[in-house]
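Student: Next comes the sequence, and after it the predicted model I'd like to discuss.
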Amino acid sequence: MNEFKARCKHLRREIMAMVAHARRGHIAPAFSLVEILAVLYDHIMRYNPADPTWPDRDRFILSKGHGCLAQYAVLADKGFFSRDLYPQFCAPDGILGGHPEEIVPGVEAPTGSLGHGLAIAVGFALAARMDQRDYRSFVVLGDGECGEGSVWEAAMAAAMHKLDNLIVLVDYNKYMSFGPVAEVCDVEPFADKWRAFGFAVAEADMTTDPLALKTILSDLPLTRGKPTAVICHTIKGYGVSYMHNNLAWHHKSRIEDAEIQDILDRLEQDHA
């Protein structure tokens, strides 16, 4: 666990290295994703950084594309591209946009127009079956995003086609860009909704026992003939105490050097 926590702290520092160049970004939404992506890329998914389009790779879609800083940090760490690209984050001539695009090695599809990622992942899962390949299709959704009707249309299709090679992970930090999910568009009873739509469901607390997600995903599918949904309980801005559930940090259009340094200092102090 100590090694895993150190790993996640490192990835948060990498996020801030990109922010330091752009002076902007969705920091809190990226911080809540770090443990989820660390488990997926370190322990679960099959991929080849030297050959990002390897036909037998597992497919990954970050449907909540505004959290892409976390994905970029992991992809660079795994060798999909060099840290030398960090200065390109949100630069007019750079490939590391404020939402991910497939021009970035390791990114499968452009996302961030919320509600579409699950449908893309369903398409990947169906394609694997049609091509008789054994790769899996992973997608991370935001909790606020689950207010979109298109999410549930895709969920119905996944269950109807018995896509047990599809794995949905929800970053359930319980805050949208402008308020608590429970006040804006309540998704509860959340696990029961996914079950009602034909999914096998598990839950993981990513702040107290993040490696439980590794255990859950190590034996897929959860149920033969059913797609899997894992509700990952997270904290928006996790890692820096004053950022926790603080909507002021959902997106920063201008951040100063002193603020960046303070975040780096707090990562050492706050994130045990």
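Tutor: That came through, no problem.

Student: Please, which helix or strand holds the residue sitting furthest away from the middle of the chain?
Tutor: Distance from the C-alpha centroid of the chain peaks at A258, with 27.7 Å (CA atoms, centre = their mean). Assessed by DSSP states H and E, A258 sits inside helix 257-270.

Student: picking that back up, list the contacts for the residue farthest from the centre of the chain?
Tutor: Contact analysis of A258 by CB atoms under 8 Å, 6 or more residues apart in numbering lists nothing. Where you see a C-beta, it was placed from the backbone N, CA and C, and this is true even at glycine.

Student: how close does it get to H21?
Tutor: Counting by CB to CB, to the nearest Å, the separation of A258 from H21 is 16 Å.

Student: Any idea how far the top helix by length along the chain is from the middle of the chain?
Tutor: Longest helix in the chain by number of residues, with DSSP state H as the criterion: helix 2-22. Mean C-alpha position of helix 2-22 versus that of the full chain (CA atoms, centre = their mean, to the nearest Å) differs by 15 Å.

Student: Now it: buried residues?
Tutor: For helix 2-22, the neighbour count (16 or more other CB atoms under 10 Å) marks 4, 8-9, 11-12, 14-22 as buried.

Student: repeat for stretch 108-117
Tutor: Quick answer for stretch 108-117 (16+ other CB under 10 Å): E108, A109, P110, T111, G112, L114, G115, H116, G117.

Student: for the record, mean pLDDT for that stretch?
Tutor: Taken as a whole, stretch 108-117 has a mean pLDDT of 94.

Student: contact partners of that stretch?
Tutor: By CB under 8 Å, 6+ apart, stretch 108-117 touches 59-66, 68, 98-102, 120, 124, 139-142, 144-145, 148-151.

Student: 7 Å instead?
Tutor: Residues from elsewhere that reach stretch 108-117 (CB atoms under 7 Å, 6 or more residues apart in numbering): 59-66, 99-102, 120, 139, 141-142, 145, 148, 150-151.

Student: Tell me the spacing between the residue farthest from the centre of the chain and M18.
Tutor: A258 is 18 Å from M18, by CB to CB.

Student: again, but for P52
Tutor: 20 Å.

Student: ok, now M243?
Tutor: 16 Å.

Student: show me where the stretch 151-272 of the chain has strands.
Tutor: 166-172, 175-176, 179-180, 200-205, 228-233 (DSSP state E, counting those that start in this stretch).
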